[in-house]
Each structure stands twice: as structure tokens, then as C-alpha cells.
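Q: Coordinates only, no sequence provided:
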């Protein structure tokens, strides 16, 4: 795919994307933007987020709109704003003006969409109102089990979105830069913070100040062993590690995803330092090994081997690292995949399931150490992925009787107790594949312990 110049206008960018789609499929398409969902009563809604597939080809985060794409041409369907909307939300652009912004050839009221929808493929939208509308307009049930033309459309979109054009990279770099600032603010806030919520507030304040939002529910926790922790009430104590998995989404929808782990006191303990260095070695080895054509699965297995080697050196695991990975012993402490695609979605295109993450003919493994791998494709120039190895002491895994029995000869459980002050450590960066290797979009946020400690400074409590 030829990269676009990041200075291209919105119209030029989305026109190019629509033309490239037309080169891959020969049938019409309808994509819906989606609707807001109510929280507890109809007028109190969750923040609206347009469908990423709609955003990719329309370029504007419209609500209650649809586009028809055929042979590179676009038709917009949306209604005139109501007088009540102007009263409560202010004046908004007319459908005609919006059509001009995205380069639409013509615009019609949404009620006329069914007239143009015969034979169109589509992608399911998540909210119930739009899902029902899709079924009614297309006169067929739209499900996540994509078949026929819907499946062909999904595969064409995946082909386009797997790698990023120049316009997308401009936005992705913005999201990364804001996220780096947010993490630095969180580290600084740790000096005086009393709870996880204090640090989260400092990080998300940076996003708000840049007219960005969290790309996902922020994870800011002293319980790093809870992989998707979304509670922020725990107090911060000097001996704790704080894991922050926080990324910004800019107004155009493009996302970042960064994790750092630091000592609340500003100084890692010897045991925390030892495990952190194992995770960092895995992180660094993965990025160094990434080139076009390299299998992402092999990068994951490299992360596993480096972690196994480090845990053998620390006396936690016993045996040959390669054998330990083959038997999934490393997954006792590193159960998830090494990362995922990143773009308009923080887990890009995961609404399409493994059709996006897995190359044709590949399926998920049922192995303990591979079953959570989200991406199994060769790396390509322009692909943006995360690299996020970790170490966790998850009670549900480590206390499981069957796993205790299976791994009784390769885990030194007594030695593991020496590392009780390490609940969870993860280090994550956003890595762009280039012709010569990689470009780490989040490299301005340090990973070395000495640099992180300088950003936090010791606290006296």
C-alpha cells in the first residue's frame, strides 16, 4: 500500500481509502455510524463514539448517519438537525455541508436509505438501535457471524486497515504524544497521591486538556495482577508498585495504548527491580526482532522465552527455558498475548473477531500459553502493534490445584514467596513496522528504571 502524505486534506484521504476499497470489491456497501445509548433514562446518554469502519471511510464522527459506497463513490444519509437539537446543543452543520466536507456525491434523509440498500454488504454496529435499523433496512439479520458479501467486505476492510496511511499516522502520533504526557503526569502525581484515583485523575486531565478521551477504561492500580482492573479506590503505600495502562483517543478516533509500572515510593525494591528487568528484557528483545515478514506469533514466543530465561535465573522456574515455554510454564506468570493491532480501535478491528487478528487459515490455539494471542499474522510495513509483556501473580492461576500439580516440578514455590511485593508488572509501547525495522511511537516515555525513578522522585510516606 502506498503511503499517503500526512498533509492531505480530509476529502483526499477518505477518497483514497474509498477508491482502494473499490479495487478490492465489486458490490455496494452501506456502513452505519451508530447511535448513542442511554445510561438510565433516555435523555442521559453515554458519550457517542462512531463506528470505526464508518470513520475510516467518512472521516467524520457523525451520529445517526450512514454512507453507501459503490465504485469509489459515496452517498451520505442523515437527517436535518431538529429545532430541539439546536436549542440544547447549539447550531450544527447541515447535511449538505457535511457531505461536502467528506466529498460525498449526494446526501439524502436517513429514511430514504432503504431505497438504495438492495444488495449492499455491511458490518454490524454495536448499539441495539442501529443493529435493529440494519436488519430492517437490509431485510436480513445482521450478526457477528459474517457470511457472504459481509464477510468479503470485512476481509477487504481488514486488508486496508491492517496498515496505516500517512494521514492515519499523523493522528496516531498525536494520540501517542498525549498519552506520553499523561503517563508523565501520573508519575509526577504519585509523589503526593493518596489513592489510585488521584493518579488516574492526573492522567486523564491531560487527555481532556488536549480534547482527547481515554481510548479504553484506564487501568491505574496497585493490583497489577488484575489484568483489566477498573477500580481506583485502593490507597497507595510506599512498598507498592503502581501499574498504569492508559491511552488517549484523539477526536478523529485514532488511539494509543501505553503501560508503565513504577514504584509508589519512587524506588523499586530489589525484588521488584529484578522482575521488572526480566519484563523489560522481554520487551526490548521483541522490538529489536521486529521486521517486515516476521511472524507476530514468533515475537510472542520470543517474549515468552526471555521471560522464562529470566525466571530461571531468579530461581522461580526450573529447567530449560525452551522446554518451559513448550509446556506453557511461563504462562503461569505471563498468561496473555504479547500485544495486538492498534489503530481506530485500541484493539483494532476486534469487532470482526479473529478474521482480523488471524491470517487466513489460522485459528486460535487451545494451549494455555497461546490461547490469548490476539494477533497471528506476519508483520507488514505500516502495521502498528503493541508490545506488552508482563509478569503477574494471579491467585486464580497460581492457586489452581490442577496447575499446581502439572507444574510442581518446574516452579520453586518457596522461592516465589520472596517476590510477594510484585503483584503485576507490564511494560507496553506502540510499535510501527517500517521498511528497516520499527518506529516506537511512544519512545519518549522511558522504560529504564533509573529514568522512571527520576520522574517520580522518592516519597517519604
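A: Here it is on my side, so go on. Not measured: the values here are computed from a predicted model. Numbering: from 1, shown residues only.

Q: okay, CA-based contacts and neighbour counts for the rest of this
A: Noted.

Q: Which residue ranges of the stretch 51-200 of the chain form helices?
A: Secondary structure of the stretch 51-200 of the chain, counting by DSSP state H, counting those that start in this stretch: helices at 52-58, 83-89, 95-102, 113-116, 128-138, 148-161, 166-189, 196-209.

Q: Is residue 357 in contact with residue 350, as I believe?
A: Yes. Residue 357 lies in contact with residue 350 (CA atoms under 8 Å); the separation is 7.3 Å.

Q: For the two, indicate the residue with more neighbours.
A: Using other CA atoms under 10 Å as the criterion, residue 357 and residue 350 rank with residue 357 on top: 24 against 15.

Q: Tell me the gap between stretch 137-157 and the middle of its chain.
A: Here stretch 137-157 shows a centroid-to-chain-centroid distance of 23 Å under the convention CA atoms, centre = their mean, to the nearest Å.

Q: Going by neighbour count, which residues in it are buried?
A: Across stretch 137-157, burial judged by 16 or more other CA atoms under 10 Å covers 137-138, 142, 146, 149-157.

Q: quick one: least confident of the residues you listed?
A: On pLDDT alone, residue 142 ranks lowest of these, at 89.

Q: Could you measure from it over to residue 122?
A: 8 Å (CA to CA, to the nearest Å).

Q: Now the element after the helix or strand hosting residue 385, going C-ward?
A: Here residue 385 sits within strand 384-387, counting by DSSP states H and E. Per DSSP H and E, the first helix or strand lying C-terminal to strand 384-387 is strand 390-392.

Q: which parts of that following strand are buried?
A: 390, 391, 392.

Q: Show me the shaky parts of the stretch 201-350 of the chain.
A: Applying pLDDT under 70 to the predicted model, the stretch 201-350 of the chain contains no residue that meets it.

Q: try 90
A: Applying pLDDT under 90 to the stretch 201-350 of the chain picks out residues 230.

Q: Contacts only, for the most centrally placed residue in the chain.
A: By CA atoms, centre = their mean, the mean C-alpha position of the chain lies nearest to residue 346, the distance being 2.1 Å. For residue 346, the contact set (CA atoms under 8 Å, 6 or more residues apart in numbering) comprises 215, 216, 255, 256, 257.

Q: Doesn't residue 283 lie inside a helix?
A: Yes. The assignment for residue 283 (DSSP: H, G, I helix; E, B strand; the rest coil) places it in a helix.

Q: What count of nearby residues applies to residue 188?
A: Neighbourhood size, residue 188 [other CA under 10 Å]: 19.

Q: same thing with the one 10 residues further on?
A: By the other CA under 10 Å criterion, the neighbourhood of residue 198 contains 19 residues.

Q: now swap in the one 3 residues further on and tell me
A: Other residues near residue 201 number 16, with proximity taken as other CA under 10 Å.

Q: One more: residue 70?
A: 19.

Q: Kindly check the end-to-end length of stretch 354-361 for me.
A: One end of stretch 354-361 to the other measures 11 Å (CA to CA).

Q: Any chance you could list what contacts that stretch?
A: Taking CA under 8 Å, 6+ apart as the rule, stretch 354-361 contacts 155, 158, 340, 341, 349, 350, 363, 364, 374, 375, 376, 377.

Q: Name the nearest of those relative to residue 449.
A: Using CA to CA, residue 340 comes nearest to residue 449 of these, at 25.0 Å.

Q: could you measure that closest one against residue 80, distance?
A: Distance from residue 340 to residue 80, counting by CA to CA: 39 Å.

Q: What of residue 97?
A: In terms of CA to CA, residue 97 sits 11 Å off from residue 80.

Q: cool, and residue 233?
A: Shown here: residue 233 relative to residue 80, a distance of 44 Å by CA to CA.

Q: same check, this time on residue 441
A: Where residue 80 is concerned, residue 441 sits at a distance of 40 Å (CA to CA).

Q: Neighbour count: those two, which is higher?
A: Between residue 441 and residue 80, residue 441 has the larger neighbour count (other CA under 10 Å), namely 21 against 14.

Q: Centre of this protein to the edge, which residue is at the far end?
A: Per CA atoms, centre = their mean, the most distant residue from the centre of the chain is residue 83 (37.8 Å).

Q: before we move on, the earlier item: make a PyMOL selection of the buried ones in the contacts of stretch 354-361.
A: Listed next is the PyMOL selection for buried residues among the contacts of stretch 354-361, using 16+ other CA under 10 Å:
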select buried, resi 155+158+340+341+349+374+375+376+377
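
Q: all strands of the stretch 301-450 of the chain, in order?
A: Here the stretch 301-450 of the chain has its strands, by DSSP state E, counting those that start in this stretch, at 384-387, 390-392, 424-426, 429-434, 437-440.
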